[in-house]
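A.B. asks: What shape does this take:
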Amino acid sequence: MKRIKNLPTVNWDGSLYDTDKYGYAQVDIFVNEEQTIGERVFCIFREKDLVRYDDSNCYEISLAILCNHCGVKSGIDDLIGLNAGQIIPIQFNGEFNPIVPLEWIESKFWYL
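C.D. replies: Numbering: from 1, shown residues only. Next up is the predicted model:
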């Protein structure tokens, strides 16, 4: 069984991060297995992960800093409370946007 754990919240103001080492990219957060209900959000990525983001053969797992308050505008109750500054796990998805693992979303670790 995979161990899924709570990740910390940090300052998400992009102006605090060196633009030579960090950048913004989009991530999809789905609340169902079919990936039909969810949100597209912006995250702060490390430089090495921005390279992975552009690699259409990458399916690795990493971390990013969420820059959106989720669930509020979309009305997806399952995402309310997942807010900017939360460090989130991401799974690169080849030529598509990375996603947050559904197991992590379903566990709602941001409430811990």
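A.B. asks: If you count neighbours, what's buried in the helix or strand hosting Lys48?
C.D. replies: Using DSSP states H and E, Lys48 falls within helix 47-53. Neighbour-count burial for helix 47-53 flags 49-50, 52-53 (criterion: 16 or more other C-beta atoms under 10 Å). For the C-beta atoms, the positions are set from N, CA and C on the backbone; glycine is no exception.
A.B. asks: quick check: mean pLDDT across that helix?
C.D. replies: Helix 47-53 shows a mean pLDDT of 96.
A.B. asks: mind exporting it as PDB, just the C-alpha atoms?
C.D. replies: The C-alpha trace of helix 47-53 is given here as PDB (Å, rounded to 0.1, in the frame of the first residue of the first chain):
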ATOM      1  CA  GLU A  47      13.400  24.700 -12.800                       C
ATOM      2  CA  LYS A  48      14.100  21.000 -13.100                       C
ATOM      3  CA  ASP A  49      10.300  20.300 -13.000                       C
ATOM      4  CA  LEU A  50       9.700  22.900 -15.700                       C
ATOM      5  CA  VAL A  51      12.000  20.800 -17.900                       C
ATOM      6  CA  ARG A  52       9.900  17.800 -17.100                       C
ATOM      7  CA  TYR A  53       6.800  19.700 -17.800                       C
END
